[in-house]
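Visitor: Here you go, sequence then predicted model.
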Amino acid sequence: MKKINAFIDSIELNDRTSGTVLLYQNQKVLFQRSFGSQLKDNSSEHIYRLASISKTYTSTIILKLIEENLLDLQTPVEKFFPDHENLKDVTIEHLLQHRSGIENYTDRPEYLEHYEKGLSRIEKLEMIKCYSRFFMPGEKYSYCNTGFFLLSVIAELITKKDFSEILIDKIIRPLNLQNTYLVNSNYPRNNEVESFEKGTSWIKSSNTHHSIMLGSGGIVSTAKELAIFFESLMNGKLLNGESLNKMMVMKDNYGLGLTTFPFDDKTLYGHSGGVDGFSTLAAYSPKDHLTYVMLTNASAIDTNLISIMALSSFYNVDNSMPDLEKDTFIASSELYKFTGDFKAEESPLDFHFLVDHDSLYLHPKGQWRVPLEYFGNNTFKHVSLDVVLKFSENFKQIQFTQAHLKHIYYKTSQTPFK
């Protein structure tokens, strides 16, 4: 495991990420390492938010209810929500495959107003009643957290139990897991890690309330227990063969709570996720019985690089070590000359720049604000979003690039938009 150890050494030296990487095979840990300045220690018992990996757990629960003849893939969702006209003709299978056409709750403008405060089930369902439907059910794939929130509530209505109890009954107790549960934002447990974003320094990230997510992204676990879940699931310890086969049938590269990740000539099945400052990935190779887990709570690199180096180590694939760019110090007093409102003629998205926590933030109108790192020469970046912003010498113009997207932004005022 020289490659992944060397890469993690480089990550720590440049203070680019904190997290845990694990390789697991046939009930044995082959490699595990926790690292980074934003973990209190290098314990293997750190508990992370799994973000959208939670969807694989929720899909497992729904398929288990189907095995128990309490539900069917073709069950109409309007059976449970008769007042939701936008759910007409939507089935359980549509929700599991992200093919319902219903609007994604994280894309709604009001989401930013309540995602850290929380909502009751009734309040959230009343909001969903007003969501748009962009296409007919089954017509195409469109990633949708709303669908998995609804699946969580459906499981609660069928079993007459809270989703946290259902998770215990169907997954946690059968696998004897000790550190896997539905998070409660109001009462964090020992070893739960907080998440951070990189600006001039590491800044504590937002804390999405558990009531917003449920089974769409609210489950937490350790790296080892996540690996145990995936190995158990993929080896028939939680579902029968028919259910597992249905999970693994891909349509637009998404099955029932699973997707695929190609590496070299291998295909791994799993899920990735991201919430607040957490970035997560879990994947299983049926051919090698290998489970790979990456959980980070602070990252200023493309975390795919970690996965590439970890799997390259295991499979002995010749991939060169990535170079990590280190940010440059800038005094907080120097940041104010970069603040203000900016517009681009060819882009509908307006930008506002502000200083907070001694860091410069980019706040696109109607979206989350994100801290930026300084790399010298009037250039700021958000590395994980692949955003580069180069200010002109008079600070009135910005060259914006994100992947293949390029725009020129011009300063309009120093007054923040509302």
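Guide: Looks like it arrived, so ask away.

Visitor: Helices of the stretch 151-300 of the chain, residue ranges please.
Guide: With DSSP state H, counting those that start in this stretch applied, the stretch 151-300 of the chain shows helices at 163-167, 173-175, 210-213, 223-234, 241-247, listed in chain order.

Visitor: closest one to Lys79 among those?
Guide: For Lys79, the closest of the helices of the stretch 151-300 of the chain is helix 163-167, at 18.5 Å, according to CB to CB. Where C-beta positions appear, they are placed from N, C-alpha and C, glycine not excepted.

Visitor: Need the mean per-residue confidence for that closest one.
Guide: What helix 163-167 shows for mean pLDDT is 97.

Visitor: For that helix, name the packing helices and strands.
Guide: Helix 163-167 sits against helix 54-67, helix 145-159, strand 181-182, with contacts defined as 3 or more CB pairs under 8 Å, 6 or more residues apart in numbering; DSSP states H and E.

Visitor: So which elements touch the second one?
Guide: It stands for helix 145-159. Taking 3+ CB pairs under 8 Å, 6+ apart as contact, the helices and strands that helix 145-159 lies on are helix 54-67, helix 92-96, helix 121-128, helix 163-167.

Visitor: rerun at 6 Å
Guide: Contacting helix 145-159 under the criterion 3 or more CB pairs under 6 Å, 6 or more residues apart in numbering; DSSP states H and E are the following elements: helix 54-67, helix 92-96, helix 163-167.

Visitor: Mind putting these into JSON lines with mean neighbour count?
Guide: Compiled in JSON lines, the helices and strands packed on helix 145-159 are given as follows (neighbours: other CB atoms under 10 Å):
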{"stretch": "helix 54-67", "mean neighbour count": "25"}
{"stretch": "helix 92-96", "mean neighbour count": "24"}
{"stretch": "helix 163-167", "mean neighbour count": "21"}
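
Visitor: Quick one: closest of the ones you listed to Lys2.
Guide: Once CB to CB is applied to the helices and strands packed on helix 145-159, the stretch that comes out nearest is helix 54-67, at 31.0 Å.

Visitor: Lowest mean pLDDT among the helices and strands of this structure, which one is it?
Guide: Within the chain, no helix or strand scores below helix 111-114, which has a mean of 87 by mean pLDDT, DSSP states H and E.

Visitor: pretty sure Phe80 is touching Ile154, no?
Guide: Yes - with contact defined as CB atoms under 6 Å, Phe80 counts as touching Ile154 (5.2 Å).

Visitor: Could you check which of the two has the larger neighbour count?
Guide: Here Phe80 and Ile154 are compared on neighbour count by other CB atoms under 10 Å; more neighbours surround Ile154, at 23 against 18.

Visitor: residue contacts, that one?
Guide: Applying CB atoms under 6 Å, 6 or more residues apart in numbering, one finds that Ile154 lies in contact with Phe80.

Visitor: Local confidence estimate at it?
Guide: Ile154 is assigned a pLDDT of 98 by the prediction.

Visitor: Use 49 as the first number for this chain going forward.
Guide: Noted, 49 is the first residue going forward, which turns the last one into Ile202.

Visitor: Show me the shaky parts of this structure.
Guide: Scanning the chain for pLDDT under 70 picks out 463-466.

Visitor: Nearest the geometric middle of it, what residue?
Guide: Taking CA atoms, centre = their mean, the centroid of the chain lies closest to Gly322, which sits 1.6 Å from it.

Visitor: so that one sits right up against Ala99, yeah?
Guide: Yes - between Gly322 and Ala99 there is a contact at 5.3 Å, judged by CB under 6 Å.

Visitor: Roughly how far does the closest residue to Thr308 other than its chain neighbours sit from Leu281?
Guide: On the basis of CB to CB, 6 or more residues apart in numbering, the spatially nearest residue to Thr308 that is not a chain neighbour turns out to be Thr315, at 5.4 Å. When CB to CB, to the nearest Å is the yardstick, Thr315 and Leu281 sit 16 Å from each other.

Visitor: more crowded one of these two?
Guide: With other CB under 10 Å as the criterion, Thr315 and Leu281 differ in neighbour count, and Leu281 comes out ahead with 25 against 14.

Visitor: list the contacts for the more buried one?
Guide: Taking CB under 6 Å, 6+ apart as the test, Leu281 contacts no residue whatsoever.

Visitor: And it, how far from Ile251?
Guide: Using CB to CB, we find Leu281 at a distance of 36 Å from Ile251.

Visitor: same thing with Pro157?
Guide: For Pro157, the distance to Ile251 under the criterion CB to CB works out to 24 Å.

Visitor: how many other residues sit next to the residue lying closest to Asp300 once chain neighbours are set aside?
Guide: Leaving aside its sequence neighbours, Asp300 sits nearest to Tyr189 (CB to CB, 6+ apart; 3.8 Å). Applying other CB under 10 Å, we find 13 other residues in the vicinity of Tyr189.
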